[in-house]
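>>> Show me how the following folds:
(chains A and B)
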Number of protein chains: 2
Amino acid sequence: MNMDPRRIIIKEVGPRDGLQNEPDFVATEDKIAWINQLSRSGLSYIEITSFVHPKWIPALADAVEVAAGIERVPGVTYAALVPNAKGLERALSVHVDEVSIFLSASETHNQKNINKSIADTYPILQETARAALAAGKSVRGYVSTVFGCPYEGAVSVDEVIRVTERLLDMGVSEVSLGDTIGVAHPRQVRDVLEILLKRFPAERLALHFHDTRGMGMANVLVALEMGISTFDSALGGLGGCPYAPGASGNLATDDLLYLLDGMGMDTGVEPDKLVTAARFLQEKMGRRFPSHRMQICE
Amino acid sequence: MNMDPRRIIIKEVGPRDGLQNEPDFVATEDKIAWINQLSRSGLSYIEITSFVHPKWIPALADAVEVAAGIERVPGVTYAALVPNAKGLERALSVHVDEVSIFLSASETHNQKNINKSIADTYPILQETARAALAAGKSVRGYVSTVFGCPYEGAVSVDEVIRVTERLLDMGVSEVSLGDTIGVAHPRQVRDVLEILLKRFPAERLALHFHDTRGMGMANVLVALEMGISTFDSALGGLGGCPYAPGASGNLATDDLLYLLDGMGMDTGVEPDKLVTAARFLQEKMGRRFPSHRMQICE
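You can find the predicted model right below:
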């Protein structure tokens, strides 16, 4: 096991992936105040919102206001999700450091999520990436359903390789491999990474786990041992199914930090400041977040 | 990483460790019906109750009735916690296959939990073990606070070695190493096991994780990789702090099974039957259990 201490990048996706399915709209000023707290917690990367059309993600309809309203702390990369050139235009109008483009490794999920086949999605992403790079922005690529699809079940690693290659060809600096429905288990993570790491350098890959079945942390451990150093997570474990109060969504940043700190990894993040930021938003949203950290009796 | 598929024993401690701190008494007939369901789920070991004096654990005041009332399914070991010779006598009066004795690796926790120093606890355990063995029962030993103490903080591995050795000298067949307050992280588990496995064979050690900080599954993974094949867990993640509804207690058997099944380990347990058993008790207790499995929207 390679558990050698090293620098690990936590990419905080709470303001985007954590909030995007929330049935109750979080006030723009609260989002801004929350992101400002995250900015001062030592996190070096925050995905602040999504420029997908508000018709599809009403919870983040205030993307422009949020991006325009937050403080920019030096050393923090502020990223946003963009679906296409139009979304990119909105994102550029309010300045973001990096944009994320996305597609799925499984045809049916891509169809349901983007309303297009994977093949038809490529040109849109290509155009978006080209325009973003031309504007001097870095681009990140998300691949959804890497470890399983809610419609198709198993997803072939060949498909994951294909879309990852296409994204890298478009000039993305990093591909984030998403376990969208939280079905991955450690052996699968090892098996998939073993194949991918023969094709792609570890520095090009990030892992994006959801904790739906409680495997998130064990999966991080395997990925860490295999040389991955970038992980997406959402403070408090926000995200997932908003209709089941205790349901876990994204891997929780606060819990992930406990793991990484315990293993002697260097993240730069201050746990107390994360908890303060989580408490702030808990109060605004009127509920306790599902992360283990936020459940501890105190 | 040694993830080779092999036989893994899950020791279900829900009826004892899961229920012992519940503020609302679970009716004896419901406990019996639940244990009967567990008995038919493929589990090979169930800790059914505790014969600690009801003054200390009122939630399990019906230990005798439970032990007398359950069906005994061939192939399942029915165990119970006993604090001393008197508790053992009660346990023997209603037949259990195995008894568990317990102490802490940290002086202060032992003092608060057992009201005696570690040194003064040994003779009591010795007497209990001797009487149990004489009655033809096997004996298991629990060591609490192996990875940290709520009063003393860090716990020395030397202390863990000392109490483990004493328990084995008394004739216990297995020592269960407890992360009582759920503070262990994977590096610590590796470091502690590396030392312990130089002194004791893996077959003599079980791991008993609590998921308080969300590290349970990652800790299991490390222990598995290091050759441990016996894990304690509680269905639904029962246990822990009953005053925080979503708080995680014991590692959840249902979630653990997802990990082990995914890794190709052979447990003999049928996941659907576990979920049915969990649903039964959820209904009786009027709340959703904190395991990930029981949170999934359906």
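>>> how far away is A:Arg204 from chain B?
Relative to chain B, A:Arg204 is positioned 23 Å away (C-beta to the nearest C-beta, to the nearest Å). Using the backbone N, CA and C atoms, a C-beta is placed for each residue, glycine as well.
>>> Next up, the contacts around that residue.
A:Leu168, A:Ser173, A:Glu174, A:Val175 (C-beta atoms under 8 Å, 6 or more residues apart in numbering or on different chains).
>>> Against B:Arg90, how distant is it?
63 Å (C-beta to C-beta, to the nearest Å).
>>> which of the contacts of A:Arg204 has the most neighbours?
A:Val175 (24 neighbours; other C-beta atoms under 10 Å in any protein chain shown).
>>> Export the helix or strand harbouring that residue to PDB, keeping only CA atoms.
Using DSSP states H and E, A:Val175 sits in strand A:174-179. Output of strand A:174-179 as PDB, limited to C-alpha atoms (Å, rounded to 0.1, in the frame of the first residue of the first chain):
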ATOM      1  CA  GLU A 174      -8.000  17.000 -16.000                       C
ATOM      2  CA  VAL A 175     -10.700  14.400 -16.300                       C
ATOM      3  CA  SER A 176     -12.900  13.800 -13.300                       C
ATOM      4  CA  LEU A 177     -14.200  10.200 -13.200                       C
ATOM      5  CA  GLY A 178     -17.600  10.200 -11.600                       C
ATOM      6  CA  ASP A 179     -19.400   7.500  -9.700                       C
END
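>>> so, in contact with chain B or not, it?
No. Judged by C-beta under 8 Å from any C-beta of the partner chain, strand A:174-179 stays clear of chain B, getting no closer than 12.2 Å.
>>> just checking, what packs against that strand?
Secondary-structure packing of strand A:174-179 (3 or more C-beta pairs under 8 Å, 6 or more residues apart in numbering or on different chains; DSSP states H and E): strand A:138-144, helix A:157-169, strand A:205-209, strand A:230-233.
>>> A:Glu203: what's its closest spatial neighbour, skipping adjacent residues?
The shortest distance from A:Glu203 to any non-neighbouring residue, by C-beta to C-beta, 6 or more residues apart in numbering or on different chains, is to A:Ser229 (7.4 Å).
>>> hmm, back to that, any chance of the helices and strands packed on strand A:174-179 in JSON lines, plus distance to A:Leu274 and mean pLDDT?
Below are the helices and strands packed on strand A:174-179 laid out as JSON lines (distance: least, C-beta to C-beta, whole Å; pLDDT from 0 to 100):
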{"stretch": "strand A:138-144", "distance to A:Leu274": "22", "mean pLDDT": "98"}
{"stretch": "helix A:157-169", "distance to A:Leu274": "30", "mean pLDDT": "98"}
{"stretch": "strand A:205-209", "distance to A:Leu274": "18", "mean pLDDT": "98"}
{"stretch": "strand A:230-233", "distance to A:Leu274": "10", "mean pLDDT": "98"}
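>>> mind listing the helices for the stretch 101-250 of chain A?
A:107-114, A:118-134, A:157-169, A:186-199, A:216-225 (DSSP state H, counting those that start in this stretch).
>>> Return the distance of the helix or strand containing A:Lys11 from the chain's centre.
Using DSSP H and E, A:Lys11 sits in strand A:9-12. Between the centre of strand A:9-12 and the centre of its chain there are 8 Å (C-alpha atoms, centre = their mean, to the nearest Å).
>>> got it, and stretch A:116-132?
Its chain's C-alpha centre and that of stretch A:116-132 lie 19 Å apart, by C-alpha atoms, centre = their mean.
>>> is it true that A:Ala234 touches A:Ile10?
No. Assessed by C-beta atoms under 8 Å, A:Ala234 is found out of contact with A:Ile10, at 10.3 Å.
>>> Find the residues that touch each one of the two.
With C-beta under 8 Å, 6+ apart, A:Ala234 and A:Ile10 have common neighbours A:Thr253.
>>> If you count surrounding residues, which of these two has more?
Neighbours per residue (other C-beta under 10 Å) separate A:Ala234 from A:Ile10, with A:Ala234 holding more: 30 against 26.
>>> who's in contact with that one?
A:Glu12, A:Val13, A:Gly14, A:Asp17, A:Gly18, A:Gly249, A:Asn250, A:Leu251, A:Ala252, A:Thr253.
>>> which among the residues you listed gets closest to chain B?
Distance to chain B across the contacts of A:Ala234 (C-beta to the nearest C-beta) is lowest for A:Ala252, with 6.9 Å.
>>> can you pull the buried residues of the helix or strand of chain A with the lowest mean pLDDT?
Each helix and strand of chain A was given a mean pLDDT (mean pLDDT, DSSP states H and E); the minimum falls on helix A:107-114 at a mean of 93. By neighbour count on 16 or more other C-beta atoms under 10 Å in any protein chain shown, the buried set for helix A:107-114 is A:Glu107, A:His109, A:Asn110, A:Gln111, A:Asn113, A:Ile114.
>>> My read is that the fourth one contacts A:Thr121, right?
No. Counting by C-beta under 8 Å, no contact exists between A:Gln111 and A:Thr121, whose distance comes to 9.4 Å.
>>> Tell me how many other residues surround whatever residue of the stretch 101-250 of chain A ends up closest to chain B.
Proximity of the stretch 101-250 of chain A to chain B (C-beta to the nearest C-beta) peaks at A:His185, 2.9 Å away. By other C-beta under 10 Å, the residues close to A:His185 number 24.
>>> Tell me who's in contact with it.
A:Arg213, A:Met215, A:Ala218, A:Asn219, B:Tyr258, B:Leu259, B:Asp261, B:Gly262, B:Met263.
>>> rerun that using 7 Å as the cut-off
Counting by C-beta atoms under 7 Å, 6 or more residues apart in numbering or on different chains, A:His185 touches A:Met215, B:Tyr258, B:Leu259, B:Gly262, B:Met263.
>>> Can you lay out these as JSON lines showing distance to A:Pro150?
Shown next, in JSON lines, are the contacts of A:His185 (distance: C-beta to C-beta, whole Å):
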{"residue": "A:Met215", "distance to A:Pro150": "16"}
{"residue": "B:Tyr258", "distance to A:Pro150": "17"}
{"residue": "B:Leu259", "distance to A:Pro150": "21"}
{"residue": "B:Gly262", "distance to A:Pro150": "17"}
{"residue": "B:Met263", "distance to A:Pro150": "22"}
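>>> Of those, which belong to strands?
Judged by DSSP state E, strands contain none of the contacts of A:His185.
>>> most surrounded residue in these?
Most surrounded of the contacts of A:His185: other C-beta under 10 Å gives A:Met215, at 30 neighbours.
>>> Got the phi and psi for the nearest residue to that one once chain neighbours are set aside?
Nearest residue to A:Met215, sequence neighbours excluded (C-beta to C-beta, 6+ apart): A:His185, at 5.3 Å. Torsion angles at A:His185 (phi, psi; degrees, to the nearest 10) stand at phi -120, psi 160.
>>> quick one on the thing from earlier: hmm, which two among the contacts of A:Ala234 are most spread apart?
A:Glu12 and A:Gly249 (13.6 Å; C-beta to C-beta).
>>> Which of those two has more residues huddled nearby?
Taking neighbours as other C-beta under 10 Å, A:Glu12 and A:Gly249 compare with A:Glu12 leading, 29 against 25.
>>> which residues does A:Ser173 contact?
Here A:Ser173 is in contact with A:Ser138, A:Val139, A:Arg140 (C-beta under 7 Å, 6+ apart).
>>> Ok, A:Ala132 next?
A:Ala132 makes contact with A:Leu88, A:Val99, A:Val139, according to C-beta under 7 Å, 6+ apart.
>>> could you redo the last one with a cut-off of 8 Å?
Residues near A:Ala132 by C-beta under 8 Å, 6+ apart: A:Val82, A:Leu88, A:Leu92, A:Val99, A:Ser138, A:Val139.
>>> if I've got this straight, the fourth one is in a strand?
By that I understand A:Val99. Yes. A:Val99: assigned to a strand according to DSSP: H, G, I helix; E, B strand; the rest coil.
>>> tally of neighbours for A:Gly136?
8.
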